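Visitor: Model the following, please.
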Amino acid sequence: MAADVIQFVDSIADNPTVRLDLNDETTWRCRSFMAPPPRLRRTMSQNTMTDGGYVSTSQYGTRTLYIDLDLISTSQDVNAGLLQKLARELDRETNLVRYQPEGASRPVFFKVWRSDFSALVDMKAALAFRQLSLELPAEPFALGVRETISVGTVNNDPAAGSNGCYFDVTGVIGDVAAPALVLNTAGVPYGFTLAARQHGTPSDLVVFKQAESLTNGTDTANPGGGPDAAMSGTGTNNYLRTTFVTTAMSDRVTGWAPTDADTSDAAGRAIRGTYRILAAVRRTDNTSDITIRWARQFTSDTGDTITVSKHTRRQLVDLGLITFGGDLPANPGGVAAVDTPVRINNSVKFQAARSSGTGNLDWDVFFLAPADESTTIWLTSTDSSLTGFDHLIDGVNQQTYMLEDGGNPFDGTGYVYQGVGQGTVTGGYPQLVPNQTNRFYLHLTSAAAGALWVYDKTYTASITVYYNPRYLYVRPASS
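Guide: Prediction:
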């Protein structure tokens, strides 16, 4: 007769090594197994101005597995030996319990922590017979076997035919969001800006604008002479140039109205949120002192003033955060909520100043990198000798790794490089939301100009995404 699978195992896999079977129906019999889903813990605020309260944050708490067992054997020595095996499993710092109800097509795995016997009773019987109870503290979610999504090539040019500065992850299974592991096997010492959009319809969001499609400002014009191969865009003239006849901070490129979302109502709804503004620019010399920033067209709002690095290769400049539609309700689509497109006569412009030298500034393309869900910024290394290493952004352990090229990060062949050059990471790590298109905007930079970061449109990444789906209890057959 088949029975529920309740086992201590060595890994989350289709065929893990079983260290102890707690329901083999020979010596171990499980009388009851309870793994109540984790409770949601909430932070609520309330005042006398309105009825009810407001949930500002929420997170799942830990859970406890309750297992009642019978241990029956022909001798006390055998019984004591089996009891010792269980004690050793309970004493591990962490462990895995595989659970698969009879008739279910797929198991789940609970990651549990060190524990003890909550009860143990010697039963008077002809055989060696003990009844015992376990209470195992566990992580909130049951885990499924690792899923692999092969994205393929992601291009660093938004005008590329496919995956231009973004990639989509669809078909994500599970009950709740799961941390993602993003592996790049291109073998180039890149820096990564990885920003996620995971609500609504991500394809409605307009996130970039070619500079030549905007309005020329002070001392700014299209230089002519045909398209520049280093710049994005396919037009006859694919960038703008500021010559700084007026050197003070002035409006150089104007008229980007992402709040108008290119006249699309769907895009007007999608734009609501907070973003990092990124500008792809190029200097004509490496000595002048040039600064840039974003500004609102009809207000005094400006972003941080950023110094453009002193080299003549194309570079990506982070101009800081900007918010669109921030005064609208936080629950669009809910009862009595406002869910309207953003239509604000307040477009974005880009300002620049030159405090020394005679160099010019070329404007190529502007981006919005969503900052509401997660943005990972990883500047890996300025050491070109590290070419050939793979890169892994590990959302489970919230770390980043440089791996030996071609090694598997899960079977011991992908050796982690632990020398200089690991770089620094800021921001949040990526997660995957089930039953939703997960769009990730990816920008690749490299220290090809010595210690200065270059943003070459020909850079490509080769992306594979891994995750263990998360469940509140058991796993459906297909999701």
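
Visitor: Below-threshold pLDDT in the stretch 251-400 of the chain: ranges please.
Guide: Low-confidence segments of the stretch 251-400 of the chain (pLDDT under 70): 259-263, 326-346, 381-386.

Visitor: For it, which segments are assigned as helices?
Guide: For the stretch 251-400 of the chain, applying DSSP state H, counting those that start in this stretch gives helices covering 265-270.

Visitor: OK, contacts around residue 117?
Guide: When contacts are counted by C-beta atoms under 8 Å, 6 or more residues apart in numbering, residue 117 touches 87, 90, 132, 133, 134. C-betas here are computed from N, CA, C, even on glycine.

Visitor: Find me the pLDDT at the second one, would you?
Guide: Note on residue 90: pLDDT of 97.

Visitor: Pull the number of nearby residues for it.
Guide: Neighbour count for residue 90, taken as other C-beta atoms under 10 Å: 18.

Visitor: on that earlier part again, among the contacts of residue 117, who's most crowded?
Guide: Ranked by the number of neighbours (other C-beta under 10 Å), the contacts of residue 117 place residue 134 first, at 23 neighbours.

Visitor: Give me the helices and strands touching the helix or strand hosting that one, please.
Guide: Under the assignment given by DSSP states H and E, the secondary-structure element containing residue 134 is strand 128-138. In terms of contact count using 3 or more C-beta pairs under 8 Å, 6 or more residues apart in numbering; DSSP states H and E, strand 128-138 is assigned the packing partners strand 63-73, helix 76-90, strand 108-113, strand 117-123.

Visitor: got the buried residues for it?
Guide: Along strand 128-138, these residues count as buried under the neighbour rule (16 or more other C-beta atoms under 10 Å): 128, 130, 131, 132, 134, 136, 138.

Visitor: circling back: out of the contacts of residue 117, which comes closest to residue 411?
Guide: residue 90 (28.0 Å; C-beta to C-beta).

Visitor: Can you tell me how far the nearest residue to the closest one once chain neighbours are set aside is from residue 66?
Guide: Among residues not flanking residue 90 along the chain, residue 115 sits closest, at 4.9 Å (C-beta to C-beta, 6 or more residues apart in numbering). To residue 66, residue 115 is 11 Å away according to C-beta to C-beta, to the nearest Å.

Visitor: Please say which of these two ends up with more neighbours.
Guide: Under the neighbour definition other C-beta under 10 Å, residue 115 and residue 66 were set side by side, and residue 115 has more, 18 against 14.

Visitor: Tell me where the stretch 151-300 of the chain has strands.
Guide: Residue ranges of the strands in the stretch 151-300 of the chain, as given by DSSP state E, counting those that start in this stretch, are 166-169, 178-179, 181-184, 190-197, 208-210, 215-216, 220-221, 240-242, 250-256, 273-283, 289-296.

Visitor: Now do the fourth one, average pLDDT.
Guide: Across strand 190-197, pLDDT averages out at 93.

Visitor: Paired strands for that strand, with orientation please.
Guide: Listed by DSSP bridges, the sheet partners of strand 190-197 and their directions read strand 375-379 (antiparallel), strand 438-449 (antiparallel).

Visitor: looking at the ones you listed, which is closest to residue 28?
Guide: Between residue 28 and those, the shortest separation by C-beta to C-beta is 41.4 Å, and it involves strand 438-449.

Visitor: and after the closest one, which helix or strand comes next?
Guide: Heading C-terminal from strand 438-449, the first helix or strand you meet, by DSSP H and E, is strand 452-454.

Visitor: The very next helix or strand once past that next one packs against which elements?
Guide: Towards the C-terminus, the helix or strand next in line after strand 452-454, according to DSSP H and E, is strand 460-467. With contacts defined as 3+ C-beta pairs under 8 Å, 6+ apart, the secondary structure elements packing on strand 460-467 are strand 147-155, strand 181-184, strand 438-449.

Visitor: Quick check on the residue of the chain most remote from its centre: phi, psi?
Guide: In the chain, the greatest distance from the average C-alpha position (C-alpha atoms, centre = their mean) is reached by residue 126, at 58.5 Å. For residue 126, the backbone dihedrals are phi -70, psi -30 (criterion: degrees, to the nearest 10).

Visitor: any idea how far it lies from residue 73?
Guide: In this view, residue 126 and residue 73 are 12 Å apart by C-beta to C-beta.

Visitor: Kindly report the same for residue 439.
Guide: Computed as C-beta to C-beta, the residue 439 to residue 73 distance reads 57 Å.

Visitor: ditto for residue 60
Guide: Distance, residue 60 to residue 73, using C-beta to C-beta: 39 Å.

Visitor: same check, this time on residue 284
Guide: Applying C-beta to C-beta, the value for residue 284 to residue 73 is 84 Å.

Visitor: Neighbour count for the two, which is higher?
Guide: Under the neighbour definition other C-beta under 10 Å, residue 284 and residue 73 were set side by side, and residue 73 has more, 19 against 15.

Visitor: Can you list the helices and strands that the very next helix or strand once past the strand holding residue 134 packs against?
Guide: Toward the C-terminal end, the helix or strand that comes next after strand 128-138 (DSSP H and E) is strand 142-143. If you count contacts as 3+ C-beta pairs under 8 Å, 6+ apart, strand 142-143 packs onto strand 108-113, strand 470-471.
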